[in-house]
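Peer 1: Provided below are the primary sequence and the corresponding predicted coordinates.
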Amino acid sequence: MTGARLPGKTKLLLSFHASVVTLRPMTRQPPPETSDLRATARRIINALFIGQSLFSAAFIAAFTLSPIIASTLAANEQAAGLPSTVTLISRALMAYPIGWLMDRWGRRSGLSLGFVLGTLGAFVSVAAIVNGSLWGFLAGAALMGMMRAGADQARYVAAEVQPPAEQARAIGLVVFAGTIGSIGGPLLVGPTSRLAAAWGLPENAGPFLAATLLFALGLLITFLLLRPDPLQIGRQIAAAYPLPDLADQSDRQARPLLEIFRGGRAQLAVLSMAISQFIMSLLMVITPVHMSHFDHSREAISGVIMAHTLGMFGLSSVTGWLIERFGQFAIIACGTLLLLLSSLIAPISPQIVPLVVALFLLGLGWNFCYIAGSSLLASQLAPAERGRTQGASETVVGLMGGAASLSSGLIFAGGGIRLVSSIGLGFGLLLLTLTIWRILSPRTTHLPA
């Protein structure tokens, strides 16, 4: 192709992807660093994928036994939900500070801080279990919740090092790393518990020992391989692929949060993530309790939750491709329809098959809304605005998830699974209405994905 004249003024711009190189017609000269950027982006995304896999496996392994440990340490079953509550609150409170830190000191610093907090939290949990301290165990849960506030923003870092047309697929790839954790996390519980007992420690300390090591390994990978800092790469991408609404992105002054969230697209992006998180948490948390009322076995309950997890993470790469093909608005609408369908199916029958279908659709609907909303928000921000804005959105999402988890039991006690599903249905209809209104709005232009 060297030396060949291309028809008209069209030039071929080599766009990079984590694994695939494609040729796209563009109307601007590609930057000379394209090849180097592609290799750097591939390394960064691989590091993020590995780090997220380690995080999710360690986090799930640790919190599998947390309700049992908390109720044992407190000698009261009512304490079983305390670790998850503390984790949700600390996650929500820490999301914005970590985002602010990412804007000020870089993405590597923010993600590394998260792994430091997680490593410390897992170690504190081990010490608390050994010493029989409930307060120490809750302190460890709080630190690991703070870590999740950083880890959940890794998907935005992956998007930042990709051109706009590739961002959704990058987000989907990092979200897909949760599949590793959903499979590997539970498998770690048994062997690590036996290993802890062989070392003369309480069996319940085993998964937290494993989490300490995995978090430390994730810290090492993040700190060493996220170089140059993705913030620098993001600025180069913004300069090479300027969006019409964000001219001179790399040099512009960051807008106030209120100005950013006045935009209809940014509002829909956050609402799609927050409302889908609320619906998903509301139904998912209470399903094991609902099934236990009908004497389902632990294996049956685990199978339903596994189907839900598969829907949440297993098809994330496909979701990224669908967003690139059809756009964020369409996938948010489809995800909302799946959430509505799940809310309708869940209360129909307590049998296994309907619950498997309902929980799978619940996870897949969340996946569509979560990845499409993340991609939509990322596309609205200049580099200097991303960390704190995305951190603020994570705070909203965390608070909505926490509200659903805390209220699901009370709602279930008041009206059973039908009332829980009805509330999920109402929020789903609200999100669908907002999405359709935004699609039909005269000021809305459909993003190219």
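Peer 2: Thanks, I have it.

Peer 1: quick one: contacts for Ala307?
Peer 2: Contact criterion Cβ atoms under 8 Å, 6 or more residues apart in numbering gives 356, 359-360, 363 as the residues in contact with Ala307. Yep, even glycine has a C-beta here, placed from its N, CA and C like the rest.

Peer 1: mind checking the pLDDT average for the longest helix along the chain?
Peer 2: What stands out as the longest helix in the chain, according to DSSP state H, is helix 383-440. Averaged across helix 383-440, pLDDT comes to 91.

Peer 1: counting by contacts, list what that helix packs against.
Peer 2: Contacts defined by 3 or more Cβ pairs under 8 Å, 6 or more residues apart in numbering; DSSP states H and E place helix 383-440 against helix 82-105, helix 134-151, helix 154-160, helix 230-240, helix 257-261, helix 264-292, helix 328-345, helix 352-378.

Peer 1: ok so, going back, just the contacts of Ala307 now: which is nearest Ala168?
Peer 2: Minimum separation from Ala168 among the contacts of Ala307 (Cβ to Cβ) is found for Gly363, which lies at 18.3 Å.

Peer 1: wait, the closest one sits on Leu310?
Peer 2: Yes: contact between Gly363 and Leu310 holds when scored by Cβ atoms under 8 Å: they sit 6.8 Å apart.

Peer 1: the two: which has the busier surroundings?
Peer 2: More neighbours surround Gly363 than the other of Gly363 and Leu310, with 26 against 19 (other Cβ atoms under 10 Å).

Peer 1: can you check the pLDDT for that one?
Peer 2: pLDDT, Gly363: 95.

Peer 1: please apply the same query to Leu6.
Peer 2: Here the pLDDT value assigned to Leu6 is 39.

Peer 1: Arg194: how many residues sit nearby?
Peer 2: Burial of Arg194, expressed as a neighbour count using other Cβ under 10 Å, amounts to 12.

Peer 1: my read is that it contacts Gly206, right?
Peer 2: Yes: distance between Arg194 and Gly206: 7.1 Å, which falls inside the contact criterion (Cβ under 8 Å).

Peer 1: the longest helix of the chain versus helix 82-105: what angle between them?
Peer 2: Our comparison of helix 383-440 with helix 82-105, counting by axes from the mean of the first three to the mean of the last three Cα atoms, to 10 degrees, yields an angle of 120 degrees.

Peer 1: make 118 the starting number, not 1.
Peer 2: With the count now opening at 118, the last piece we talked about shows up as helix 500-557.

Peer 1: how close does the spatially most central residue of the chain get to Val291?
Peer 2: Taking Cα atoms, centre = their mean, the centroid of the chain lies closest to Asp269, which sits 4.7 Å from it. As judged by Cβ to Cβ, to the nearest Å, Asp269 and Val291 stand 10 Å apart.

Peer 1: what's around the nearest residue to Val513 once chain neighbours are set aside, how many residues?
Peer 2: Nearest residue to Val513 in three dimensions, chain neighbours excluded: Ala391, at 5.0 Å (Cβ to Cβ, 6 or more residues apart in numbering). A count of nearby residues for Ala391, using other Cβ under 10 Å, gives 25.

Peer 1: pretty sure Ala391 is touching Val514, no?
Peer 2: Yes: using Cβ under 8 Å, Ala391 and Val514 qualify as a contacting pair, with a distance of 5.0 Å.

Peer 1: in a helix, that's where Tyr229 is, yeah?
Peer 2: Residue 229: Ser, not Tyr. Yes: secondary structure assignment places Ser229 in a helix (DSSP: H, G, I helix; E, B strand; the rest coil).

Peer 1: who are the contact partners of the residue nearest to Gln507 when sequence neighbours are not counted?
Peer 2: Of all residues not flanking Gln507 in the chain, Tyr273 sits nearest, at 4.8 Å (Cβ to Cβ, 6+ apart). With Cβ under 8 Å, 6+ apart as the criterion, the residues that contact Tyr273 are 288, 491, 495, 503, 507.

Peer 1: as CSV, the residues you listed with neighbour count would be great.
Peer 2: What follows is the contacts of Tyr273, written out as CSV (neighbours: other Cβ atoms under 10 Å):
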residue, neighbour count
Ile288, 28
Ser491, 32
Ala495, 26
Arg503, 27
Gln507, 29
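
Peer 1: quick check, nearest of these to Gly231?
Peer 2: For Gly231, the nearest member of those is Gln507. The distance, counting by Cβ to Cβ, is 13.6 Å.

Peer 1: what number of residues lie near Gly531?
Peer 2: Burial measure for Gly531: 9 neighbouring residues, criterion other Cβ under 10 Å.

Peer 1: show me the contacts for it.
Peer 2: Residues touching Gly531, when contacts are defined by Cβ under 8 Å, 6+ apart, are absent altogether.

Peer 1: how about the secondary structure of Met429?
Peer 2: With three-state DSSP as the basis, Met429 sits in helix.

Peer 1: didn't it look like it was pressed against Gly295?
Peer 2: Yes: Met429 is within contact range of Gly295, at 6.8 Å (criterion: Cβ under 8 Å).

Peer 1: so how far is Val241 from Glu283?
Peer 2: For Glu283, the distance to Val241 equals 39 Å [Cβ to Cβ].

Peer 1: so how many other residues sit close to Ser460?
Peer 2: Neighbourhood size, Ser460 [other Cβ under 10 Å]: 26.
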